[in-house]
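**Student:** have a look at this prediction, sequence included:
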2 protein chains.
Amino acid sequence: MPHRYFTTEISGGTAILRGKDAHHLSRVMRAKLGETVILCDGKAVEYTATITGFEDDAVTFSVKEGYPSVAEPAVEVTLYVGYPKQDKLETIIRHGVELGCAHFAPFFSRYCVAAPKKEEQKNARYNKIAVEAAKQCGRGILPDVQMPRKQFRAVCDELAQYDLSLFFYECGGEPLRTILEQVQAAPQHKRLKIAAITGSEGGFAAEEAEAATAAGAKAVGLGPRILRCETAPLAVLASIMTLTGNLE
Amino acid sequence: MPHRYFTTEISGGTAILRGKDAHHLSRVMRAKLGETVILCDGKAVEYTATITGFEDDAVTFSVKEGYPSVAEPAVEVTLYVGYPKQDKLETIIRHGVELGCAHFAPFFSRYCVAAPKKEEQKNARYNKIAVEAAKQCGRGILPDVQMPRKQFRAVCDELAQYDLSLFFYECGGEPLRTILEQVQAAPQHKRLKIAAITGSEGGFAAEEAEAATAAGAKAVGLGPRILRCETAPLAVLASIMTLTGNLE
């Protein structure tokens, strides 16, 4: 399988790879003129690219017509995730990218145990983790990790932009199977935008659940076993991808 | 919600809790005579129990008629998991118990990076992790972690005992949705026993894939994104539980 790199510099039949990836390809992989790699533009389009030159800190290519990245799911999922303790958010991001999540939006809510601290710095690190995971698992986009919402209300205010908002609630709700069957039975005119909301260690306050459903989210149950806050998002993503045919 | 403990000493309308759990209930929780807790026999039967006495290192109860534990899935899944590096097996066990796995059977295979080392000791630790996870998430049984199979052939030799064996293969296979739809369409006379097989970092050799399918396993694909060896088992368990209605 040819190596695969992300670059935004693809146009008019040529492309350039710079920085660490260029170093990796030329020095570590010792690629030669005429060898082919896969370049991805980070917007789910991939190109078969032939090496035409090595420059200081850059590799140039001629590219053929692009084709859609096969690795991108047909649904665009934003994971709204209650800010967990320790380094659990890193685990969630790493696994979540592999499972096809497009955007991560952490939030603080009433019963969050974690408190905001050096979030700018942490966010840079989270995004780096997401990019590395995207490269490793072969994604066609680079999923982003957004700055945490300071209150759960901010999450609710954003839900109108989604085709479907799912509020995963420890007190139960409709089965995900039923909800997704209904949604998929309706004719699809575009890529479905889904918001999936899961809580932190402390769970949700009853008012938060009410606010989410008032904002249009459907309460969804995850069954009788108590999932920890780092297990739930992964179970949720795996379930959504399975039920929409994006994990097969 | 009343506290919940596992004990095997339940019979004739009475029960006894010993050791650490007895200490926890009497000293940490400072429970009083007449208070009620839930006792689970570890075989998916639960009892509402009323405290009748405190002894040295034990608490005694009167119990009402048992009822089936609601937390146990209607399918009995054995996860055959390729032995991973570092402490990844611990993560898989912890999350796997929450997701409803009944048995964990690690194995070494041709491309395993990990090598057997102090497995007796490690197995004791793995089982402790499984028990702790089972308590935390409210399981009705105590899932067991078995000693690792030394070769993949041993896994294949065991598959005849399952109603359905699923070989999750990086080279693809049938969608899990299709397989489980067919299985569930047939009348169920008993609890379905499923073997789910996932690989280690190195994946499977072609001969191993052939041996698994020759032994009756169905090759199943997990889609175009490359799942790491610790993500795959969790995705697999979440998918199986979702599609069989055990995660809702």
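**Tutor:** Cool, got the structure. Residues are numbered from 1 along each chain as shown, chains lettered A, B, ... in the order given.

**Student:** what does chain A put close to chain B?
**Tutor:** In this structure, chain A approaches chain B at residues A:70-71, A:95, A:98-100, A:136-139, A:175-177, A:220-228, A:231, A:234-235, A:238-239, A:241-243, A:245-248, judged by CB under 8 Å from any CB of the partner chain. (Each C-beta comes from the backbone N, C-alpha and C, glycine too.)

**Student:** list the ones among these that fall in strands.
**Tutor:** Residues of the residues of chain A next to chain B located in strands (DSSP state E): A:Val220.

**Student:** what subset of the residues of chain A next to chain B is buried?
**Tutor:** Neighbour counting by 16 or more other CB atoms under 10 Å in any protein chain shown classes A:71, A:95, A:98-100, A:137-139, A:175-177, A:220-227, A:231, A:234-235, A:238-239, A:241-243, A:246-248 among the residues of chain A next to chain B as buried.

**Student:** okay, buried residues for the helix or strand that contains A:Arg153 please.
**Tutor:** Taking DSSP states H and E as the criterion, A:Arg153 maps to helix A:152-158. Neighbour counts using 16+ other CB under 10 Å place A:152, A:155-156, A:158 of helix A:152-158 among the buried residues.

**Student:** can you get me a residue count around A:Ala31?
**Tutor:** 18 (other CB atoms under 10 Å in any protein chain shown).

**Student:** residues near the closest residue to it other than its chain neighbours, how many?
**Tutor:** Among residues not flanking A:Ala31 along the chain, A:Leu25 sits closest, at 5.0 Å (CB to CB, 6 or more residues apart in numbering or on different chains). Using other CB under 10 Å, A:Leu25 has 20 neighbouring residues.

**Student:** so which residues of chain A form helices?
**Tutor:** In chain A, helices defined by DSSP state H lie at A:19-23, A:88-98, A:119-137, A:152-158, A:176-185, A:206-214, A:231-243, listed in chain order.

**Student:** which of the ones you listed sits most buried?
**Tutor:** Comparing the helices of chain A on average neighbours per residue, with mean count of other CB atoms under 10 Å in any protein chain shown, the densest one is helix A:231-243 at a mean of 27.

**Student:** where in chain A is pLDDT low?
**Tutor:** Applying pLDDT under 70 to chain A flags the ranges A:1.

**Student:** do you know how far A:Ala133 is from A:Phe54?
**Tutor:** With the distance defined as CB to CB, to the nearest Å, A:Ala133 ends up 28 Å from A:Phe54.

**Student:** again with A:Cys101
**Tutor:** With distances taken as CB to CB, A:Cys101 is found 36 Å from A:Phe54.

**Student:** so those two - more neighbours on which side?
**Tutor:** Neighbour comparison, A:Cys101 and A:Phe54: the larger count goes to A:Cys101, with 29 against 16 (by other CB under 10 Å).

**Student:** quick check, the more buried one in contact with A:Val81.
**Tutor:** No. The pair A:Cys101 and A:Val81 fails to qualify as a contact (CB atoms under 8 Å) at a distance of 9.5 Å.

**Student:** ok, A:Ile38 - contacts?
**Tutor:** When the contact criterion is CB atoms under 8 Å, 6 or more residues apart in numbering or on different chains, the partners of A:Ile38 are A:2-5, A:46-49.

**Student:** from A:Ala105, how far out is it?
**Tutor:** Between A:Ile38 and A:Ala105 the distance, using CB to CB, works out to 29 Å.

**Student:** show residues contacting the strand ranked longest in chain A.
**Tutor:** Secondary structure of chain A per DSSP E: the longest strand is strand A:45-55. Residues outside strand A:45-55 that contact it (CB under 8 Å, 6+ apart) are A:2, A:4, A:10, A:14-15, A:25-26, A:31-41, A:59-69, A:140.

**Student:** stretch A:70-77 too?
**Tutor:** Judged by CB under 8 Å, 6+ apart, the contacts made with stretch A:70-77 from elsewhere in the structure are A:44, A:100-103, A:137-141, A:191-196, A:237, A:240-241, A:244-246, B:224-225.

**Student:** how about 6 Å then?
**Tutor:** Contacts to stretch A:70-77, defined as CB atoms under 6 Å, 6 or more residues apart in numbering or on different chains, come from residues A:44, A:100-102, A:138-140, A:191-194, A:196, A:241, A:244, A:246, B:224-225.

**Student:** burial measure for A:Gly42, as a count.
**Tutor:** By other CB under 10 Å, 17 other residues sit near A:Gly42.
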